[in-house]
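Engineer: I'd like to go over a predicted model; first the sequence, then the structure.
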Amino acid sequence: MDEFGLIEQYFRRPARRSEVVLGVGDDAALVALRGAQRTLAVTTDTLIEGVHFAAGAPGFDVGYKALAVNVSDLAAMGARPLAFLLNLSLPRIDPMWLAGFRDGLFTLADAVSLDLIGGDTVRGPLAITITALGTTAPGGALTRTGARAGDRVYVSGLLGEAALGLLARSGHLSLPSEFQAPVLARLDRPLPRIEEGQALVGIASSAIDVSDGLVADLGHVLKASGVGAEIDLRRLPLSRAYDAAFATVGYDPALVFGDDYELCFTVPPERTPALAGIAPRFACGFHYIGDIVAGRGLVLRNGQDIYAPARSGYNHFDG
Ligand SMILES: [Mg+2]
């Protein structure tokens, strides 16, 4: 049983309250408060030492990333950040590490205007759980269910950068020195596409953030929307660092490694002019990589060939 099957089997239930517009199974839940002008978007993520980050990782990077993964889920809903709660399990009080953690956390919190409003601190193995709250216009959230045959599939920014950083740091890939710092920065300090997500409301028909890899995350959209997709690998947005590594690593880091925290979204053909209209505001760029098709499943085309990655994406409890 994988993590998604586990949630399906044990925890998915119909909502009892009419205020719960969208429950388990998207990037965030949506709660509409009666009479309110805005809908609440709620998401939570846990990072554990040795699983999500290396033992001994700098506090700054851990604090930044713990918040970034949550902010990225708000971005994927098209939500505006509001506030967050921090649950911290610490084996001991290490003032240096905690000061770094705080600085990393609040660097991103300030950048996206999120207030820390509560949480809990316990003694235990190093683990961080953050719950982030955002708001959307009622009915205005981006979800995974709206992709339709004929829509175009886009991704923001670059794919595979964080994977290259991980491969470089672990010694599995040697990159020219000028490329080292950029890919490590993308691994440690991802840039959640918060402004982009909000700008895509009313343009994108569906959206998800790329946390587990394009194949897995686009796969969630396809499943939730009941459609298939064809992706052209030659259209994947890859950096010059990626080009330098391509002969060694091939397409898989861009497809199945995850940690990019870019947005993958779909746009109906009639709304592509609107996308072109907002695109100049964002330096990351929006890249057309393929199309939604009728039927099921994801086809990766490499010219005339069909490509199959070595694995499908990161999944706790897999195998
Ligand atoms: Mg997500």
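Structural biologist: Alright, I've got the coordinates.

Engineer: so which helix or strand takes in the residue of the chain found nearest the ion?
Structural biologist: Nearest residue of the chain to the ion, counting by Cβ to the ion: Asp27, 3.9 Å away. In short, each C-beta sits where N, CA and C put it, glycine included. Taking DSSP states H and E as the definition, Asp27 sits outside all helices and strands.

Engineer: quick one: contacts for it?
Structural biologist: Residues in contact with Asp27, defined by Cβ atoms under 8 Å, 6 or more residues apart in numbering, are 43, 73-74, 76-77, 144, 207-209.

Engineer: Quick check: the farthest pair among those residues?
Structural biologist: Farthest-apart pair in those is Leu74 and Arg144; separation 14.5 Å (Cβ to Cβ).

Engineer: Which one's more surrounded, these two?
Structural biologist: Shown here are Leu74 and Arg144; by other Cβ atoms under 10 Å, Leu74 has more neighbours (30 against 23).

Engineer: then the one helix or strand that one maps to to PDB, C-alphas only?
Structural biologist: Using DSSP H and E, Leu74 maps to helix 59-76. Taking C-alpha atoms only, helix 59-76 is exported to PDB below (Å, rounded to 0.1, in the frame of the first residue of the first chain):
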ATOM      1  CA  GLY A  59      18.800  25.000  10.400                       C
ATOM      2  CA  PHE A  60      18.300  27.900   7.900                       C
ATOM      3  CA  ASP A  61      17.700  25.400   5.000                       C
ATOM      4  CA  VAL A  62      15.400  23.200   7.100                       C
ATOM      5  CA  GLY A  63      13.300  26.200   8.300                       C
ATOM      6  CA  TYR A  64      13.000  27.700   4.800                       C
ATOM      7  CA  LYS A  65      12.100  24.400   3.100                       C
ATOM      8  CA  ALA A  66       9.600  23.300   5.800                       C
ATOM      9  CA  LEU A  67       7.600  26.400   5.100                       C
ATOM     10  CA  ALA A  68       8.300  26.400   1.300                       C
ATOM     11  CA  VAL A  69       6.700  23.000   0.800                       C
ATOM     12  CA  ASN A  70       3.500  24.300   2.400                       C
ATOM     13  CA  VAL A  71       3.500  27.600   0.600                       C
ATOM     14  CA  SER A  72       3.900  25.700  -2.700                       C
ATOM     15  CA  ASP A  73       0.600  23.900  -1.900                       C
ATOM     16  CA  LEU A  74      -1.100  27.200  -1.400                       C
ATOM     17  CA  ALA A  75       0.400  28.400  -4.700                       C
ATOM     18  CA  ALA A  76      -1.100  25.300  -6.400                       C
END
